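Undergrad: Just a sequence and a predicted model for now, questions to come.
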Amino acid sequence: MEKASKQHIIADLKKQILGMQGYGTLSIEDDVFPQLKLLAKAFPNQHFPLTGIHEFIANETEDAAASTGFINAILSALMQTGGPSIWISATRNVFPPAMQRFALQPDQIIFIDLKNHKEILWVLEEALKCENLSAVVAEIPELSFSQSRRLQLVIEKSKVPAFIIRHQPQQLNNTTCLARWQIKHLPSILPDGMPGVGQPSWSVELLKVRNAQPSSFKLSWNGTCFQNFEQQTEVLQTFRKLQAS
């Protein structure tokens, strides 16, 4: 009896600690953001963390574009609550009308174009203080530990997540990020003979996850939610075989 009670206390404390670190915001069983269920599986307790920083490392221009699309897919879920988002950059690599492919309305996103690193960091911190936002996205190559710690303290108060695209960073130093991602494009899924562009698909590498092991997987976007890329490919291959028979 005492042993069972001790295990219960330890389990409860672990849950509280994970919650303090941002892992108690979204459960895989939660129906609020069903689009993120596949992402939640890669995190402790199958919670997609929202109270912290997500870094996206993009060494090539193509990777930056892939990261932008992937973040758009996440925003499409988070913004269903009605809150706007802010997108901060110095180059405006994102093309707002293309966001509609991810069920996003560009007029619900505030785009802020700035000139230098220092300005972006300052505006990023101020934006994260706005509690009614769904998320803040920033394109900034370098982020030090002290800078990330400062941002994390702000996020813990506002509960607004930050998604930071680091294009060609000079150093991959330690930061307080909840997760460090590397996103690459995969060939889009489109049945043979069908016109247009297929479903966006990505190869996802979680290079760093707080309190969990790194992982990799493949995802596609069907217009409303993430799907398993390999399962979708199998369905397409079966469809092709049936057509040929």
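TA: Yes, it's here.
Undergrad: From here on, just use CA atoms for contacts and neighbour counts.
TA: OK.
Undergrad: What does Gln105 show for phi and psi?
TA: phi -100, psi 110 (degrees, to the nearest 10).
Undergrad: Can you get me a residue count around it?
TA: Close neighbours of Gln105, defined as other C-alpha atoms under 10 Å, add up to 16.
Undergrad: now do Leu206
TA: Counted with other C-alpha under 10 Å, residues neighbouring Leu206 total 19.
Undergrad: Quickly find the element holding it.
TA: strand 199-209 (DSSP states H and E).
Undergrad: Residues in contact with that strand: which ones?
TA: 43, 66, 70, 178-190, 214-223, 229 (C-alpha atoms under 8 Å, 6 or more residues apart in numbering).
Undergrad: Could you list which of these belong to strands?
TA: Among the contacts of strand 199-209, DSSP state E puts 179-189, 215-221 in strands.
Undergrad: quick one: buried residues of stretch 71-85?
TA: Buried residues in stretch 71-85, counted by 16 or more other C-alpha atoms under 10 Å: 71-79, 84-85.
Undergrad: repeat for stretch 173-189
TA: 175-186, 188-189.
Undergrad: Now tabulate these in CSV and tack on pLDDT.
TA: Below are the buried residues of stretch 173-189 laid out as CSV (pLDDT from 0 to 100):
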residue, pLDDT
Thr175, 93
Thr176, 93
Cys177, 94
Leu178, 94
Ala179, 95
Arg180, 97
Trp181, 97
Gln182, 97
Ile183, 97
Lys184, 96
His185, 93
Leu186, 90
Ser188, 76
Ile189, 67
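Undergrad: about what we covered before: could I get the CA-only coordinates of the strand holding Leu206 as CSV?
TA: Provided in CSV are the C-alpha atoms of strand 199-209 (Å, rounded to 0.1, in the frame of the first residue of the first chain):
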residue,chain,number,x,y,z
GLN,A,199,-0.5,17.6,-50.5
PRO,A,200,2.5,19.4,-48.8
SER,A,201,4.7,16.8,-47.2
TRP,A,202,7.7,17.0,-44.8
SER,A,203,10.5,15.0,-43.4
VAL,A,204,10.6,16.0,-39.7
GLU,A,205,13.7,15.8,-37.5
LEU,A,206,13.3,16.6,-33.8
LEU,A,207,16.9,17.3,-33.0
LYS,A,208,16.3,18.2,-29.4
VAL,A,209,13.3,17.7,-27.1
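Undergrad: now it and strand 179-189, what's the angle there?
TA: 160 degrees (axes from the mean of the first three to the mean of the last three C-alpha atoms, to 10 degrees).
Undergrad: how many degrees apart are strand 199-209 and strand 215-221 in direction?
TA: Counting by the same axes, to 10 degrees, strand 199-209 lies at 150 degrees to strand 215-221.
Undergrad: doesn't Leu38 make contact with Phe48?
TA: No: the criterion here is C-alpha atoms under 8 Å, and Phe48 misses it with Leu38 at 9.4 Å.
Undergrad: More neighbours: those two, which one.
TA: Using other C-alpha under 10 Å, the more surrounded residue of Phe48 and Leu38 is Phe48, with 24 against 17.
Undergrad: quick one: that one from Ala212, how far?
TA: 12 Å (C-alpha to C-alpha, to the nearest Å).
Undergrad: ok, back up a step: would you list the buried residues of stretch 173-189 in JSON lines and tack on distance to Glu139?
TA: Output for the buried residues of stretch 173-189, formatted as JSON lines (distance: C-alpha to C-alpha, whole Å):
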{"residue": "Thr175", "distance to Glu139": "16"}
{"residue": "Thr176", "distance to Glu139": "17"}
{"residue": "Cys177", "distance to Glu139": "15"}
{"residue": "Leu178", "distance to Glu139": "17"}
{"residue": "Ala179", "distance to Glu139": "16"}
{"residue": "Arg180", "distance to Glu139": "14"}
{"residue": "Trp181", "distance to Glu139": "14"}
{"residue": "Gln182", "distance to Glu139": "14"}
{"residue": "Ile183", "distance to Glu139": "15"}
{"residue": "Lys184", "distance to Glu139": "17"}
{"residue": "His185", "distance to Glu139": "19"}
{"residue": "Leu186", "distance to Glu139": "22"}
{"residue": "Ser188", "distance to Glu139": "25"}
{"residue": "Ile189", "distance to Glu139": "28"}
